[in-house]
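Student: Based on what follows, work out the 3D shape:
(chains A and B)
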2 protein chains.
Amino acid sequence: MTPSDPTRRAVVLLSGGLDSATVLAMARSQGFETHAVSFRYGQRHERELEAAARVARALGAASHRVVSLDLRAIGGSALTTDTPVPRARSVSQIGQGIPVTYVPARNTIFLSLALGLAEVIGATDLFVGVNAVDYSGYPDCRPEYLAAFERLANLATRAGVEGARFRLHAPLLELTKGEIIRAGISLGLDYGITHSCYDPSPSGLACGSCDSCLLRLRGFADAGMADPVSYQPGSPD
Amino acid sequence: MTPSDPTRRAVVLLSGGLDSATVLAMARSQGFETHAVSFRYGQRHERELEAAARVARALGAASHRVVSLDLRAIGGSALTTDTPVPRARSVSQIGQGIPVTYVPARNTIFLSLALGLAEVIGATDLFVGVNAVDYSGYPDCRPEYLAAFERLANLATRAGVEGARFRLHAPLLELTKGEIIRAGISLGLDYGITHSCYDPSPSGLACGSCDSCLLRLRGFADAGMADPVSYQPGSPD
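Tutor: Coordinates of the predicted model:
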């Protein structure tokens, strides 16, 4: 593993999914001392957080924090309410436009918390796994949004006022899922420890039919590889 | 009380303190249907939240939500850690520069959560009680910061993408504490139901010597009025 440089600290948003795990591997490969942060925000299950802890450990993060916040008090998404998670039979059937799994202002909320942590630990680099290819329906995955957040970060903080320069890295922004997977594999990442499913079985098997599973499966197909995670019997794996 | 217009919804950040109570009264006086949001973020005491609930009720807010988030996981402030709250003997002794009570990225975090709520309930106006006069040490109380957040809000959200225009109102920005108090009194606000102290006694009496109490007391003196809240014996009230 690349040695990390304690004078170059980065905060990495880590969900435990495929994308953010790849971003953590990329930040480490660039020599950053990485500090991962995950959120317990009223997800339907804790599998994501277990995966995040595994990934942080496996990729040599210098720290991993879990910040709890109750987004159910705000509501508005199939991911934090009892609205059914949408199911398609194939990627081409995934709804156009902004999906119901969109959590209002989620990236802004998570990036703001990451920014607070960055300021506390003296990091000026933030890494986030947003992607404009697969998730073009989310307004807060667009380059102009990310540029506006970086600008805000430099105005919002003591570090910014005192002359530090925050940089927001979104290294997956223009990559397809297949390209992301190939990048992670080339960095030695074991995707078997990640978790992507919105709606796993009680024993933790991925459903294979939510939007997130379908995009993941297509990504592995595009990369010409088998997905190492286990799917429920009868899923389109 | 001014009738509220359900087609003009506003989200108001409400701490339970003097400033945010005044902002809620101002939003109501402009005819907005107001939706208050408070945060349980690891403050040392719950008095603030009790005051917020009283204020929301007294000022006819259409709803009041409390969002829990654990900023202790991030740390970095005397308000959320065990660092002693600073005490001065007078306003002129309050430290220059950014105070230790600064919570990293707090306004960004709270505004992001308010933005998520606004999107859910169909509000396009956000009200926040930041003030550049008394709190010039906080980077996230500056006009350029607020303009950057408003710009981000319009890029971050489905409503913004679909043509809505978020507006961030900071009506206290250029007012002194005395002017804020006079404005609230003219709107019929009873400041006896608000809470400002960083470090109240177990029975809820304000200490009279933390930065927040000193600024409040000076504000009432400037406004030529007595503060209706009770202070601990021996405090400089």
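
Student: Could you list which residues are in contact with the closest residue to residue A:169 other than its chain neighbours?
Tutor: Leaving aside its chain neighbours, residue A:169 sits nearest to residue A:127 (4.7 Å; criterion: CB to CB, 6 or more residues apart in numbering or on different chains). Using the backbone N, CA and C atoms, a C-beta is placed for each residue, glycine as well. Contacts for residue A:127 (CB atoms under 8 Å, 6 or more residues apart in numbering or on different chains) come out as A:10-13, A:23-24, A:26-27, A:32, A:34, A:169-171.

Student: what sits against residue A:74?
Tutor: So residue A:74 contacts A:80, A:104, B:65, B:67, B:113, B:116-117, B:120 (CB under 8 Å, 6+ apart).

Student: how about 7 Å then?
Tutor: Residues in contact with residue A:74 (CB atoms under 7 Å, 6 or more residues apart in numbering or on different chains) are A:104, B:67, B:113, B:116-117, B:120.

Student: mind listing what residue A:19 touches?
Tutor: Residues near residue A:19 by CB under 7 Å, 6+ apart: A:129, A:131, A:172, A:180.

Student: repeat that for 6 Å
Tutor: Residues in contact with residue A:19 (CB atoms under 6 Å, 6 or more residues apart in numbering or on different chains) are A:129, A:172.

Student: try the one 5 residues further on
Tutor: The contact partners of residue A:24, by CB under 6 Å, 6+ apart, come to A:12, A:14, A:59.

Student: before we move on, back to that, give me the subset of the contacts of residue A:127 that lies in helices.
Tutor: Those of the contacts of residue A:127 mapping onto helices are A:23-24, A:26-27, per DSSP state H.

Student: what's around residue A:7, how many residues?
Tutor: Using other CB atoms under 10 Å in any protein chain shown, residue A:7 has 7 other residues around it.

Student: Same check on residue A:150?
Tutor: 18.

Student: mind checking the SS state of it?
Tutor: Following DSSP: H, G, I helix; E, B strand; the rest coil, residue A:150 is assigned to helix.

Student: Would you mind stating the distance between residue A:206 and residue A:130?
Tutor: For residue A:206, the distance to residue A:130 equals 22 Å [CB to CB, to the nearest Å].

Student: Same question for residue A:9.
Tutor: 21 Å.

Student: Also residue A:178?
Tutor: 17 Å.

Student: what do you get for residue A:70?
Tutor: 23 Å.

Student: And these two? Which one has more around it.
Tutor: When residue A:70 and residue A:130 are compared for neighbours, residue A:130 comes out ahead with 23 against 18, by other CB under 10 Å.

Student: Just give the number of residues close to the closest residue to the more buried one other than its chain neighbours.
Tutor: Once flanking residues are discounted, residue A:130 sits nearest to residue A:141: 4.4 Å by CB to CB, 6+ apart. Neighbour count for residue A:141, taken as other CB under 10 Å: 21.

Student: which ones are touching the residue nearest to residue A:187 when sequence neighbours are not counted?
Tutor: The shortest distance from residue A:187 to any non-neighbouring residue, by CB to CB, 6+ apart, is to residue A:25 (4.3 Å). Going by CB under 6 Å, 6+ apart, residue A:25 touches A:59, A:184, A:187, A:189.

Student: The closest residue to the first one other than its chain neighbours and residue A:231, how far apart?
Tutor: Nearest non-adjacent residue to residue A:59, counting by CB to CB, 6+ apart: residue A:24, 5.0 Å away. Look at residue A:24 and residue A:231: by CB to CB, they are 24 Å apart.

Student: which parts of chain A sit against chain B?
Tutor: Within chain A, the positions near chain B by CB under 6 Å from any CB of the partner chain are A:65, A:67-70, A:73-76, A:98, A:104-105, A:108-109, A:112-113, A:115-117, A:119-120, A:139-140, A:144-145, A:148-149, A:151-152, A:155-158, A:161.

Student: on that earlier part again, quick check: pLDDT value at the residue nearest to residue A:59.
Tutor: If you check residue A:24, the pLDDT there is 98.

Student: tally of neighbours for the nearest residue to residue A:161 once chain neighbours are set aside?
Tutor: In space, and not counting its chain neighbours, residue A:161 is closest to residue B:139: 4.6 Å by CB to CB, 6+ apart. If you count neighbours by other CB under 10 Å, residue B:139 ends up with 22.

Student: ditto for residue A:28
Tutor: Neighbours around residue A:28, by other CB under 10 Å: 24.

Student: again with the one 4 residues further on
Tutor: Using other CB under 10 Å as the criterion, residue A:32 is surrounded by 24 other residues.

Student: same question, residue A:40
Tutor: 17.

Student: I'd like to know the beta-bridge partner residues of it.
Tutor: Here residue A:40 sits in beta bridges with residue A:68, going by DSSP bridges.

Student: Can I get stretch A:55-63 in PDB, CA atoms only?
Tutor: Provided in PDB are the C-alpha atoms of stretch A:55-63 (Å, rounded to 0.1, in the frame of the first residue of the first chain):
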ATOM      1  CA  VAL A  55     -13.500  -0.900   3.600                       C
ATOM      2  CA  ALA A  56     -11.900   1.800   5.900                       C
ATOM      3  CA  ARG A  57      -9.900  -0.900   7.600                       C
ATOM      4  CA  ALA A  58      -9.000  -2.800   4.500                       C
ATOM      5  CA  LEU A  59      -7.800   0.400   2.700                       C
ATOM      6  CA  GLY A  60      -5.700   1.700   5.600                       C
ATOM      7  CA  ALA A  61      -7.800   4.800   6.500                       C
ATOM      8  CA  ALA A  62      -6.200   6.700   9.400                       C
ATOM      9  CA  SER A  63      -9.600   7.100  11.000                       C
END
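
Student: mind listing what's buried in that stretch?
Tutor: A:55-56, A:58-59, A:61-62 (16 or more other CB atoms under 10 Å in any protein chain shown).

Student: can you list those residues in a markdown table and add pLDDT and distance to residue B:194?
Tutor: Formatted as a markdown table, those follow (pLDDT from 0 to 100; distance: CB to CB, whole Å):
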| residue | pLDDT | distance to residue B:194 |
| --- | --- | --- |
| A:55 | 97 | 45 |
| A:56 | 97 | 42 |
| A:58 | 97 | 50 |
| A:59 | 97 | 48 |
| A:61 | 97 | 43 |
| A:62 | 96 | 42 |
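
Student: Between the residues you listed, which sits nearest residue A:222?
Tutor: residue A:55 (21.9 Å; CB to CB).

Student: any idea how far the residue located most distally from the centre of chain A lies from residue A:119?
Tutor: Computed with CA atoms, centre = their mean, the residue of chain A farthest from its C-alpha average is residue A:162, at 29.9 Å. Separation of residue A:162 from residue A:119 (CB to CB): 10 Å.

Student: same thing with residue A:179?
Tutor: Taken as CB to CB, the span from residue A:179 to residue A:119 is 32 Å.

Student: Neighbour count for those two, which is higher?
Tutor: Neighbours per residue (other CB under 10 Å) separate residue A:179 from residue A:119, with residue A:119 holding more: 26 against 16.

Student: Check which helices and strands the host helix or strand of that one sits against.
Tutor: Assigned by DSSP states H and E, residue A:119 falls within helix A:106-121. Helix A:106-121 sits against strand A:5-13, strand A:32-40, helix B:106-121, with contacts defined as 3 or more CB pairs under 6 Å, 6 or more residues apart in numbering or on different chains; DSSP states H and E.
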